[in-house]
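1. With the input below, show me the fold.
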Amino acid sequence: MNLTHMKYALEVEKEHSISRAAANLFMGQPNLSRAISELEEHLGIKIFRRTAKGMYPTPQGEEFLGYAKSIMGQIDAIEDIYRGRGRVSQRFSAAAPKAMYISCAFTELSKYVKLDESAEIFYHEANSPAIIDDILNNDCNLGILRYKAEQRDNYFRLFKERGVSAELICEFKFCVAVSERSPLNKKERITKEDLAPYMEISHADPYVPVFPSLSSQKTRLSDKVNKRIYVFERASQLDLLGSNENTFMWVSPIPRRILKMYGISVKYNTYYNQVYNDVLVYRKGYIFTELDKRFIDALVRLKPGNAAEY
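-> From the prediction side, this is the model:
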């Protein structure tokens with residue numbers, strides 16, 4: 001298979017147009033059309049379907065293009081190393097939802113970065129649609145995707161179509177985090193009515209994916225609460241939560257170390273029992289680096305349900 005033709009197909013996917021892709025590639029439109037046709041004939045599949053709005057991948061095309069992105073990304077990495085465009089010996093990139101156990105795993109990873117070698121480390125906190133884009137566009141090598149457990153089969157079909165490998169990390173339910181000094185901390189389980197007098201601290205971007213379009217939907221768990229503080233940055237959230245006993249926050253399980261650091265307790269609730277899944281996602285064919293393996297090991301150790309950490 002011709003790698004140049006693979007590059008052509010990726011450009012068509014990006015532009016959804018033969019003419020725009022041809023212009024970007026500095027070639028004639030007929031030549032590009034012929035190259036795509038030859039590639040489809042060689043593979044025995046239809047990579048693109050032609051629509052009034054442009055060219056879009058077929059399900060088999062999605063799978064092929066996922067492999068193609070992985071291959072081209074590895075070729076770029078090899079060229080970076082051996083042609084001297086950036087002799088970085090340690091690379092790591094991951095995209096994840098806002099979750100303390102994941103950020104703690106990233107902290108653990110940082111301890112294994114060798115100080116006598118060059119390094120580029122990226123950690124992007126985002127919602128699920130953005131994480132999928134990061135993986136498919138080679139912006140990140142690893143992603144942690146979060147969705148409702150009842151949607152698992154739909155998402156795993158989507159992963160297969162897009163050439164993405166996925167492995168379940170954990171299942172969990174959201175809990176209510178409060179200051180250790182809060183009256184709510186005296187309760188074994190929290191009700192809707194318990195929360196009504198308090199202020200909710202909320203992520204300023206609290207979105208979860210809605211299948212099948214991977215659009216996002218704002219999560220609102222406290223429908224009796226009319227006092228909210230929206231904060232983007234996690235350290236400010238936790239400091240506010242631990243310092244003000246009149247606040248609470250919905251969270252995925254938090255490691256004991258972080259609870260102790262900020263003077264926070266986590267309480268179960270009586271009414272919201274939706275189960276969520278966190279899954280590790282990466283392009284098919286991607287080979288884990290040593291730093292990737294360190295991060296995954298930390299994820300497994302710190303994941304919700306590990307009694308040693310919670």
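2. and the chain, what are its domains?
-> Domains of the chain are assigned by automatic domain parsing as 3-78, 86-168+280-302, 172-275.
3. mind checking the end-to-end distance for the shortest one?
-> Taking C-alpha to C-alpha, to the nearest Å as the measure, domain 3-78 stretches 15 Å from start to finish.
4. Show the average pLDDT along it.
-> Computed over domain 3-78, the mean pLDDT rounds to 89.
5. Can you show me the helices along the stretch 151-300 of the chain?
-> For the stretch 151-300 of the chain, the helices defined by DSSP state H, counting those that start in this stretch occupy 152-161, 192-195, 234-243, 256-262, 290-302.
6. how about TSV for the ones you listed, with distance to Ser37 added?
-> No exception for glycine: its C-beta is placed from N, CA and C like everyone else's. Listed next are those as TSV, based on distance: least, C-beta to C-beta, whole Å:
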stretch	distance to Ser37
helix 152-161	23
helix 192-195	60
helix 234-243	50
helix 256-262	56
helix 290-302	38
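7. what about the longest helix in this structure?
-> The longest helix of the chain (DSSP state H) is helix 59-82.
8. coming back round to it: any idea which of the helices of the stretch 151-300 of the chain gets closest to Phe174?
-> Minimum separation from Phe174 across those (C-beta to C-beta) falls at helix 192-195, 12.8 Å.
9. which of the residues in the closest one are buried?
-> By 16 or more other C-beta atoms under 10 Å, the buried positions in helix 192-195 come out as 194-195.
10. From the rest of the structure, what touches that helix?
-> 176, 184, 187, 222-225, 248, 271 (C-beta atoms under 8 Å, 6 or more residues apart in numbering).
11. which of those residues are buried?
-> 176, 184, 187, 222, 225, 248.
12. do you know how far the second one is from Ala22?
-> So the one you mean is Leu184. Distance of Leu184 to Ala22, computed by C-beta to C-beta, to the nearest Å: 62 Å.
13. go on, the fifth one?
-> Separation of Val225 from Ala22 (C-beta to C-beta) stands at 55 Å.
14. Looking at the contacts of helix 192-195, which is nearest Ile296?
-> Once C-beta to C-beta is applied, the member of the contacts of helix 192-195 that ends up nearest Ile296 is Val176, at 29.3 Å.
15. What residues does the closest one make contact with?
-> 184, 190, 195, 248-251, 266-269.
16. got those residues as JSON lines, with distance to Lys303 columns?
-> JSON lines is the format used below for the contacts of Val176 (distance: C-beta to C-beta, whole Å):
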{"residue": "Leu184", "distance to Lys303": "26"}
{"residue": "Ile190", "distance to Lys303": "23"}
{"residue": "Leu195", "distance to Lys303": "27"}
{"residue": "Phe248", "distance to Lys303": "24"}
{"residue": "Met249", "distance to Lys303": "20"}
{"residue": "Trp250", "distance to Lys303": "19"}
{"residue": "Val251", "distance to Lys303": "14"}
{"residue": "Val266", "distance to Lys303": "15"}
{"residue": "Lys267", "distance to Lys303": "20"}
{"residue": "Tyr268", "distance to Lys303": "18"}
{"residue": "Asn269", "distance to Lys303": "21"}
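17. just checking, which of those residues belong to strands?
-> 190, 248-251, 266-269 (DSSP state E).
18. Among these, which one lies nearest to Leu115?
-> Closest to Leu115, out of all of the ones in strands among the contacts of Val176 and judged by C-beta to C-beta, is Val251, at 33.4 Å.
19. Dig out what the closest residue to that closest one other than its chain neighbours forms beta bridges with.
-> Leaving aside its sequence neighbours, Val251 sits nearest to Ala177 (C-beta to C-beta, 6 or more residues apart in numbering; 4.6 Å). Beta bridges link Ala177 to Met249, Val266, judged by DSSP bridges.
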